[in-house]
Structures are given as C-alpha cells and as structure tokens.
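Student: Return atomic coordinates for the entry below.
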Amino acid sequence: MISYSLHLSNKKHALTSTKKVSGASKHNLRQYESEEYCRDNIYVIVGGDNILDDLKKAYHQEFDDCLAEYNKGKRTDRQIDDYLKYVSENAKNDVAAELIIQLGDAEFWNDKTLETKKKMIPIFEDQIKHLEELVPDFRVISAVVHLDEHSPHIHVIGLPIGTGYKRGLQKQVAKTRVFTQESLTELQDKMHQYAEEQMNDHPEIFEGEDLKEIEKGRNNDWSKEYFVRKKAETLAIMDMQLSDMSIEAKAKEETIKELDEQVEEKVQNLVQNEAQKEFMRYAFLENPKTSLGKLVSETWKKFKKWWDEHRREEVEVKARESVLGKLAKFKSQIVEEKNERQSRGKRRDGYSL
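Tutor: Residues are numbered from 1 along each chain as shown. Below is the predicted model of the structure:
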C-alpha cells in the first residue's frame, strides 16, 4: 500500500513575509547551486521564474481596487501604500500559503526510473485543477513538480482570499479563513479520493498497489515525507548561506585561514544535518525492508512510546499554561484599553460642558 499526503505549511515553514516567499522561490525553482538537487528534473506547471514577482502581480490584481476604496478619505498616515508590504510587516496574516502534495513515499519510488517518475507530471497537473475547483478562494500562483528528491511531489504556492470584511479592506489575504481545520480535513479527504481514482487510471505506474487510508490530524512536521523534505530545505538554505558567506568574505578581504575555518564549520553542519535527515527517513518507515531501517524504526517507536508515557503530559501542561497565560494577559490589555478610552471620552464630555 502507498500513501497520499497533502500538507499545508505552517509555523516556522509558513510564508509569513515576502522574505519567506523569496526563499521558497529559490528552493522550489532550484535557483542556487547544490549537489542535492537537479534543475533539469523540476517542472513548472504554474507561474514563472520568480514566485515573489508573480505574487506581487496577483496582489495588485486582487487588492488594488479594495485598497483604493479603503484609503479614500483617510489621512495620509493612516493609508496603506502597498498591501503586500503591509501584510508582510504586520505579522498578523501570512502573505501566501504553500501546499505540498505527494503520491507514494520514498520506499515506493526507490526502484522507479526517472521516466516513470515523469509520468507523474500530468497527474499533478490534474491534481492542481481539482484543487482549484475544490478551493476557489485559493488562487494558485506557482506549482512546481520536483522529481530530483526521494519521491515525486509538487509545491503549490497560492493566495488565499477572503471577502466581506467589516474592518480594513473589504477583501483581504486570509489563510486562516480559507484553510480552517475543518476545511483542510475535508480538502484532504476529497483530494485523497481523487488520487485513488488517478491510481486506477494509471496502472502503468500503480498496478497492484492500493492507497492507504488518510491519516487524520497529520498536517504537521511529524509526518515522514514532510519532515524529511523540510530538513532538505534547511540544508538548501545552508547551501545558500555558504555561498553568500564566501562572496561576503571575498568582498571584505578576509584571510584564507578565516574563510577555511568558516567553510569547514558549514561543511560539518551540512554533514550533521544530512545524517539527521537520513535517520528520520528511516525512523518514519512503516514497513522497513532493510535491517538498518528496522533498527532505526524500532528505536523511534520505543522513544515515541517513552515520550508519550513520561514527557507528553508535562509538556502539554506547560504549553497550555503558557497559552492560557498569554490569552489572559491579552484579555486584560483589551479591558484596560477599553476603560482608558471610556475615561478619555468622559473627560472630553466634561470639558464640553
């Protein structure tokens, strides 16, 4: 049996700013040198060669009219000049959303040829069309298929749009409104069902294979392929940092010894991260075939069992206390601000008498 996954990037992987989108563009389109990846084996289904530029165009097309209406009659210091820049710097909303879709895990694709993997491109194209039908409020900006990693998958970056707002712009970027826990679960179910239909239509790839039932509540970094992929992206970023560091070092005329030391440190970091990535790939295998895979997978299961028995409850309690504490503080601030506004209003009324 093989798996299907559709994950929404969140937390530290969320596209919260234009800088994050620029980084995603470099990774998704392989716009840097790395031995890990091959530019010849990625395929752009939607978008151009700069995702941030495509996103800027979409923002202008979707929000300029609403922005002009919002700014009408307002003082200059209260107007919004650039809505994308405003969202990026505001930190209340993500500037865009990224979905990662995959059919079949690393073990299934391990012995498949590149030509077989290329047959996934039209399948992913149909997935995107189906996604747009299911989520019309998610405007796809970029869709890029990666065939140069363990498993074929597609990165989809889009603009989630909400309308009917009473405060701010009438139309706004709205990741949390478009992708609620309920809507995301429903989307995963329907996309999973569609993937099963596609498997039946492509016996040349999936003959003899069944699709695993969808795992509920798994839109997080603990899923196998998602975790491994994000570790790979971390390594890619380190590659870019290494390149930037070398250029900067030359510009500042650093000594060769200092540069060598920095390079060696980065190399060791890359080696360490590669080991961690490989370990986690084995750890999450459900039915490992090799002795090493079985050893690592069993070790992970034992650790997870120990964690659930001895640490999870304590961590959950502390996390809940922290969240509730912040919520109480936030509510208190709201009450204080409300009282202050009422007090100022009463003072103004007193003066007018």
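
Student: Pull up the gap between residue 87 and residue 327, please.
Tutor: 24 Å (C-beta to C-beta, to the nearest Å). All C-beta atoms are positioned from the backbone trio N, CA, C, and that covers glycine.

Student: now residue 135
Tutor: The gap separating residue 135 from residue 327 is 30 Å, by C-beta to C-beta.

Student: So for these two, which sits in the more crowded spot?
Tutor: It is residue 135, of residue 135 and residue 327, that has more neighbours when counted by other C-beta atoms under 10 Å, with 22 against 10.

Student: And the pLDDT at that one?
Tutor: pLDDT recorded at residue 135 is 97.

Student: now do the one 10 residues further on
Tutor: At residue 145, the predicted lDDT confidence score is 96.

Student: before we move on, what about residue 138?
Tutor: Residue 138 is given a pLDDT of 97.

Student: Show me the strands in the stretch 101-250 of the chain, by range?
Tutor: 138-146, 153-163, 171-173 (DSSP state E, counting those that start in this stretch).

Student: ok, how many other residues are close to residue 39?
Tutor: The number of residues packed near residue 39 is 12, by other C-beta under 10 Å.

Student: Now do the phi/psi pair for the residue nearest to it when sequence neighbours are not counted.
Tutor: Excluding the flanking residues, the one nearest residue 39 by C-beta to C-beta, 6 or more residues apart in numbering is residue 30, at 4.4 Å. Taking degrees, to the nearest 10, you get phi 50, psi 50 for the backbone angles of residue 30.

Student: show me what contacts residue 30?
Tutor: 37-39, 42, 148 (C-beta atoms under 8 Å, 6 or more residues apart in numbering).

Student: just curious, which of those residues is nearest to residue 6?
Tutor: residue 42 (19.4 Å; C-beta to C-beta).

Student: The closest one against residue 142, yeah?
Tutor: No: with contact defined as C-beta atoms under 8 Å, residue 42 does not reach residue 142; the gap is 11.6 Å.

Student: residues bridging contact with the two, i.e. touching both?
Tutor: In contact with both residue 42 and residue 142: residue 28, using C-beta under 8 Å, 6+ apart.

Student: Please identify which of these two sits among more neighbours.
Tutor: A direct count of neighbours by other C-beta under 10 Å for residue 42 and residue 142 places residue 142 higher, at 26 against 18.

Student: and the gap between that one and residue 191?
Tutor: Distance from residue 142 to residue 191, counting by C-beta to C-beta: 18 Å.

Student: How about residue 117?
Tutor: 20 Å.

Student: Neighbour count: the two, which is higher?
Tutor: Set residue 117 next to residue 191 and count neighbours by other C-beta under 10 Å: residue 191 wins out with 22 against 19.

Student: Which residues lie in contact with the more buried one in this structure?
Tutor: Taking C-beta under 8 Å, 6+ apart, one finds 4, 6, 101, 127, 130-131, 134 in contact with residue 191.

Student: Look at the residue nearest to residue 39 and report its pLDDT.
Tutor: Reported pLDDT for residue 30: 88.

Student: try residue 101
Tutor: Confidence score, pLDDT, at residue 101: 95.

Student: hey, what's it bridged with?
Tutor: Judged by DSSP bridges, the bridge partners of residue 101 are residue 6, residue 154.

Student: does it really touch residue 6, like I thought?
Tutor: Yes: between residue 101 and residue 6 there is a contact under C-beta under 8 Å: 5.1 Å.

Student: sorry, back to before: nearest to residue 183, of the contacts of residue 30?
Tutor: Closest to residue 183, out of all of the contacts of residue 30 and judged by C-beta to C-beta, is residue 42, at 29.2 Å.

Student: Could you pull up phi and psi at that closest one?
Tutor: phi -120, psi 150.

Student: got the contact list for residue 69?
Tutor: Contacts of residue 69 (C-beta under 8 Å, 6+ apart): 169-170.

Student: For residue 272, see how far away it is.
Tutor: Distance from residue 69 to residue 272, by C-beta to C-beta: 53 Å.

Student: Ok, residue 84 next?
Tutor: 37 Å.

Student: Looking only at neighbour counts, state which of the two leads.
Tutor: residue 84 (21 against 10).

Student: Excluding chain neighbours, what is closest to that one?
Tutor: residue 59 (4.4 Å).

Student: Can you tell me the SS state at that neighbour?
Tutor: helix (DSSP: H, G, I helix; E, B strand; the rest coil).

Student: Just the pLDDT for it.
Tutor: So, for residue 59, pLDDT stands at 97.

Student: With residue 269 instead?
Tutor: 77.

Student: Next, it: secondary structure please.
Tutor: helix.

Student: do the same with the one 3 residues further on
Tutor: Following three-state DSSP, we place residue 272 in the helix state.

Student: Tell me the spacing between it and residue 278.
Tutor: Residue 272 is 11 Å from residue 278, by C-beta to C-beta.

Student: Show me the shaky parts of this protein.
Tutor: Scanning the chain for pLDDT under 70 picks out 35, 215-260, 344-353.

Student: Break it into its domains for me.
Tutor: Here the domain parsing of the chain from automatic domain parsing is 4-215, 311-352.
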